[in-house]
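[1] Sequence below, structure please.
(one chain, ligands or ions: 1)
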Amino acid sequence: MKITETRIPDVKLLEPHVFEDERGFFYESFNQKAFDAAVGQPVTFVQDNHSRSAKNTLRGLHYQLPPHPQGKLVRVTLGEVFDVAVDIRKSSPTCGRWVGATLSADNRRQLWIPPGFAHGFLVASDVAEFQYKCTDFYAPDCEVSIRWDDATLAINWPVMDEPLISVKDGKAPAYLVARKFE
Ligand SMILES: Cc1cn([C@H]2C[C@H](O)[C@@H](COP(=O)(O)OP(=O)(O)O[C@H]3O[C@H](C)C(=O)[C@H](O)[C@H]3O)O2)c(=O)[nH]c1=O
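    Take a look at the predicted model:
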């Protein structure tokens, strides 16, 4: 597995070794031993999620507050997305910084987003299927949303048109407003 550091040290880009032959391809999409070695600590996942989205859908930015913050290992199994993680750990030197990566079924890239990050993605292909492992269970009472186009975060989304967002995401507060209530 190839491990690439990002500009936020704890967020890592992982690329599995792909075995290709005349039948197609094979790769280990998750290996606990290899993953723990890549991130430098044992990580337990308890929930897998799978979503399908149309072109120009933007899901996020979402995170869960303590006691149920979620680490996520995310990947795309159909199409392509621009994936974003925002450091919201108040004690972090990169708090308020974001990192983005293009994840696709073709590049097989995965992004490790530790607990303490807001997460979202924008769909670049006609359709995208997004699959991810979470380190804690869904806890809607702990869920917080931040506006995708927050001026303080200034995320450089490759948007072409106004994205397709959920009603919930359309009502999301600004980053600093969301943080005020924590
Ligand atoms: C996240 C989640 C949702 N749900 C239910 C709640 C809603 O009835 C329905 C759709 O939920 P939502 O619109 O919040 O789905 P997304 O907009 O894809 O939310 C995700 O968006 C960004 C990309 C994330 O990183 C989070 O994992 C997650 O917040 O699924 C569940 O039953 N379990 C879950 O773990």
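[2] what sits against the residue positioned nearest the centre of the chain?
    Centroid-nearest residue in the chain, with Cα atoms, centre = their mean: H119, separated by 4.7 Å. Contacts for H119 (Cβ atoms under 8 Å, 6 or more residues apart in numbering) come out as G60, L61, H62, Y63, K72, V74, D83, V84, A85, V86, I113. Every residue, glycine included, has its C-beta placed from N, CA and C.
[3] Filtering the residues you listed by proximity to the ligand, which remain?
    G60, H62 (Cβ under 6 Å from any ligand atom).
[4] Looking at the contacts of H119, which one is closest to the ligand?
    Lowest distance from the ligand to these (Cβ to the nearest ligand atom) belongs to H62, with 3.4 Å.
[5] The closest one: what's it in contact with?
    Per Cβ under 8 Å, 6+ apart, neighbours of H62: A118, H119, G120, E143, V144, S145, I146.
[6] Enumerate every residue touching the spatially closest residue to K133 that is not a sequence neighbour.
    In space, and not counting its chain neighbours, K133 is closest to F45: 4.0 Å by Cβ to Cβ, 6 or more residues apart in numbering. Neighbouring residues of F45 by Cβ under 8 Å, 6+ apart: L73, K133, C134, T135.
[7] And F45, how far from the ligand?
    13 Å (Cβ to the nearest ligand atom, to the nearest Å).
[8] Assign that residue to helix, strand or coil.
    coil (DSSP: H, G, I helix; E, B strand; the rest coil).
[9] Kindly state the pLDDT recorded for it?
    F45 carries a pLDDT value of 98.
[10] Relative to N156, how far out is it?
    29 Å (Cβ to Cβ, to the nearest Å).
[11] Can you list the buried residues in the helix or strand of the chain with the lowest mean pLDDT?
    Every helix and strand in the chain was compared by mean pLDDT, DSSP states H and E; the lowest is helix 175-180, with a mean of 86. The neighbour-count check on helix 175-180 (16 or more other Cβ atoms under 10 Å) flags Y175, A178, R179 as buried.
[12] Could you pick out the buried ones from the contacts of H62?
    A118, H119, G120, V144, S145, I146.
[13] Among those residues, which one lies nearest to the ligand?
    For these, the nearest to the ligand is H119 (3.8 Å; Cβ to the nearest ligand atom).
[14] bridging residues for the closest one?
    H62, A85 (DSSP bridges).
[15] What is the end-to-end distance of stretch 161-168?
    This stretch, stretch 161-168, spans 19 Å end to end (Cα to Cα, to the nearest Å).
[16] how about that stretch, does it get close to the ligand?
    Yes: shown here: stretch 161-168 in contact with the ligand (Cβ under 6 Å from any ligand atom) through S166.
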